[in-house]
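>>> model the structure of this input:
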Amino acid sequence: MFPRTLFFTLFCFAVVLQSNAQARPNVLFIIADDLRTELGCYGSPVAITPTIDALAKSGLRFDRAYCQKAVCWPSRNSFFSGLMPANLGRTNAENTFRKSHPKIPSLPEWFKQHGWHTQGFGKILHNGQDDPPSWSRPHFFPPPKHYALPENKDKHPIINRSDPENKGNPLFEAADVPDEAYEDGITASKAVEAIRSAPEGKPFFYMVGFHKPHTPFNAPTKYWDLYTRENIPLSPIPSPPENVPRAFAVHDWNYVRSFSGIPESGPMPDELARKTRHAYYACVSYIDALTGRILRALEETGQRENTLIIFTSDHGYHLGDHSLWSKHTNFEVATRVPLIVSGPSVKNGNTNALTELVDLYPSLCEAAGLDLPTHLEGKSFASVLTNPDSSVRKSAYSEFNRKGAKGRSIRTDRFRYTEWRSLKSGEIVARELYDHQSDPLESKNIIDSPKYKETIPDLEKELRSR
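Residues are numbered from 1 along each chain as shown. Take a look at the predicted model:
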């Protein structure tokens, strides 16, 4: 006869295992591309983003979150691997972190190794790059549907700005088509399908990557129609900062210039600039609607309450700010990103805690109750999720190379301080300082102002510590 005590012990053990499985949260990680903090919940008077705004109300909005390099490849590989961009090996868009660090587990791979079912949808790493060890099922890539109008349907934007073929590609398009006519709509549909058919008995870790609002700024007409173009303002900072080291700090936005109808030199005319901003906002609203479809699937399947939701972007984007159209700088507009976290035990509200995208890996592990792998270079902000007034960093770090110099930049509570050092000699060739208390738009480089003479040594020390 089966001993009653042994039966009772096994029964209790099974209950504990089931309880622990239920306690482990699902993770839904949504990332947009080139999305600056141009959202209603971040105070935008223009952007129409009801889904993301509601998500922010249900969770914690990070008001000072920053990427570590304002370009797709290193930013994405950084938070995916938990390594800083400088430690990823060659900064080539054709390489992933696996080339230089083949044995470290990626963020989803670490969850997979600890019992989560993992899947990726759309653009997670850079343009079609995959990382098979990360996924329980193969990564879903949508067909490359960048354009939908008949005259543009066979066109494909080319990253190489020197390729003359890109001159035939329009920078934006409005087509009266359903969401699935573009690749992001297909990605959203696949993510919804995966949520509805999630495996029973284990939590899931899903990463959903939207290509928009990356160029080309194409979205269904219904999202363009949400806006009145005449009411869309131009950038309040159309010129480079006063006293800025132009050779290093700004660029010619040649990739955007490579599209048809865009001036090959000089500023973008006001009418074209306003239309381009309109196109960008349409893409933002398109992503908002697709995010809404995914979150509704969570609600309808009863999984929302036990799902940790992250919404963010790989970097910001200049829309005529400082005379620029693109990313690729160390300015606030390019390095600051939206970051919203919602889920079990996350306190509602907002936080001013300085945060980096490389912090996502340790933070999600801690929030899910996982130990951390030893290779991580970020800091967990899990404590901020329950105490938004707390902080884990004195500064947020970003970097960018240009004209033979590396620009290293930190953002503190009040200042942005940047040093440009020669890649050959290591000597400082230029510096920038912006006081966000008096100049939040970074309109004047005050590095030579006597007023800040005593402030700079502390900023230098903090930058060196990074």
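>>> what residues are up against the residue nearest to Met84 when sequence neighbours are not counted?
Spatially, and ignoring its direct neighbours in sequence, Met84 is nearest to Glu377 (5.0 Å; C-beta to C-beta, 6 or more residues apart in numbering). No exception for glycine: its C-beta is placed from N, CA and C like everyone else's. Neighbouring residues of Glu377 by C-beta atoms under 8 Å, 6 or more residues apart in numbering: Gly82, Leu83, Met84, Asn87, Val358.
>>> tell me the one among the residues you listed nearest to Ser235.
Val358 (28.8 Å; C-beta to C-beta).
>>> quick check: that closest one touching Gly378?
Yes - using C-beta atoms under 8 Å as the test, Val358 is close enough to Gly378 to be in contact (3.8 Å).
>>> between these two, point out the one with more neighbours.
Between Val358 and Gly378, Val358 has the larger neighbour count (other C-beta atoms under 10 Å), namely 26 against 23.
>>> can I assume the more buried one sits in a helix?
Yes - the assignment for Val358 is a helix, going by DSSP: H, G, I helix; E, B strand; the rest coil.
>>> where's Arg274, which helix or strand?
Here Arg274 sits within helix 270-300, counting by DSSP states H and E.
>>> now do that helix, average pLDDT.
Taken as a whole, helix 270-300 has an average pLDDT of 98.
>>> what about Ser58? Give its phi and psi, please.
phi -90, psi 0 (degrees, to the nearest 10).
>>> now do the one 4 residues further on
Backbone torsions for Phe62, taken as degrees, to the nearest 10, come to phi -90, psi 120.
>>> tell me the contacts of it?
Contacts of Phe62 by C-beta under 8 Å, 6+ apart are Pro338, Leu339, Ile340, Val341, Asn350, Thr351, Ala353, Thr355.
>>> so what strands line up beside the helix or strand containing the first one?
Under the criterion of DSSP H and E, Pro338 resides in strand 336-342. Applying DSSP bridges to the sheet, strand 336-342 is found paired with strand 60-66 (antiparallel), strand 307-313 (antiparallel).
>>> could you pull out the helices in the stretch 301-450 of the chain for me?
332-335, 360-367, 382-386 (DSSP state H, counting those that start in this stretch).
>>> and if you look at the stretch 151-300 of the chain?
For the stretch 151-300 of the chain, the helices defined by DSSP H, counting those that start in this stretch occupy 183-196, 221-224, 246-249, 254-257, 270-300.
>>> let me have these in a markdown table, extended by distance to Thr418 and mean neighbour count.
Shown next, in a markdown table, are the helices of the stretch 151-300 of the chain (distance: least, C-beta to C-beta, whole Å; neighbours: other C-beta atoms under 10 Å):
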| stretch | distance to Thr418 | mean neighbour count |
| --- | --- | --- |
| helix 183-196 | 34 | 21 |
| helix 221-224 | 36 | 18 |
| helix 246-249 | 8 | 19 |
| helix 254-257 | 22 | 18 |
| helix 270-300 | 26 | 21 |
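>>> turn those into TSV, including distance to Phe97.
Converted to TSV, those look like this (distance: least, C-beta to C-beta, whole Å):
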stretch	distance to Phe97
helix 183-196	23
helix 221-224	34
helix 246-249	27
helix 254-257	24
helix 270-300	26
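>>> quick one: low-confidence parts of this protein?
Scanning the chain for pLDDT under 70 picks out 1-22, 90-95, 159-165.
>>> one more time with 50, if that's ok
Residue ranges of the chain with pLDDT under 50: 1-2, 5-22.
>>> for the most centrally placed residue in it, which residues are in contact?
Nearest to the geometric centre of the chain sits Ser313, at 1.7 Å (C-alpha atoms, centre = their mean). Ser313 makes contact with Ile31, Ala32, Asp33, Asp34, Leu35, Arg36, Cys67, Val337, Pro338, according to C-beta under 8 Å, 6+ apart.
>>> which two of those residues have the greatest separation?
Ile31 and Arg36 (13.7 Å).
>>> who has more neighbours out of those two?
Relative neighbour count places Arg36 above the other of Ile31 and Arg36, with 27 against 24, counting by other C-beta under 10 Å.
>>> how about the strands in the stretch 101-250 of the chain?
Here the stretch 101-250 of the chain has its strands, by DSSP state E, counting those that start in this stretch, at 117-122, 172-175, 204-209, 217-220.
>>> and the third one with helix 270-300, angle?
If you take axes from the mean of the first three to the mean of the last three C-alpha atoms, to 10 degrees, strand 204-209 sits at 170 degrees to helix 270-300.
>>> gap between strand 204-209 and the chain center?
Distance, stretch centre to chain centre, for strand 204-209: 14 Å (C-alpha atoms, centre = their mean, to the nearest Å).
>>> partner strands of that strand and their direction?
Neighbouring strands of strand 204-209 in its sheet, by DSSP bridges, are strand 26-32 (parallel), strand 117-122 (parallel).
>>> can you give me every residue that contacts Cys283?
Here Cys283 is in contact with Lys212, Pro213, Phe217, Asn218, Ala219, Tyr223 (C-beta under 8 Å, 6+ apart).
>>> how far away is the third one from Lys394?
Remark: distance between Phe217 and Lys394 (C-beta to C-beta, to the nearest Å) = 37 Å.
>>> who's more crowded, the two?
Phe217 (26 against 13).
>>> and that one, what are its bridge partners?
Phe172.
>>> list the contacts of it.
Contacts for Phe217 (C-beta under 8 Å, 6+ apart) come out as Leu171, Phe172, Glu173, Thr276, Ala279, Tyr280, Ala282, Cys283.
>>> with Leu55 instead?
Cys41, Thr291, Leu295, Ile309, Phe311, Ile340, Ser342.
>>> got the angle for the strand holding Pro338 vs helix 360-367?
Counting by the same axes, to 10 degrees, strand 336-342 lies at 10 degrees to helix 360-367.
>>> how far does strand 336-342 sit from the chain's center?
The answer for strand 336-342 is 8 Å, by C-alpha atoms, centre = their mean.
>>> contact partners of that strand?
35-37, 39, 41-42, 52, 55-56, 58-62, 64-67, 308-316, 355, 357, 385, 411.
>>> if we can go back for a sec, so which of the strands paired with strand 204-209 is nearest Ser465?
Relative to Ser465, the nearest member of the strands paired with strand 204-209 by C-beta to C-beta is strand 26-32, separated by 28.7 Å.
>>> tilt between the closest one and helix 183-196?
Strand 26-32 runs at 180 degrees relative to helix 183-196, counting by the same axes, to 10 degrees.
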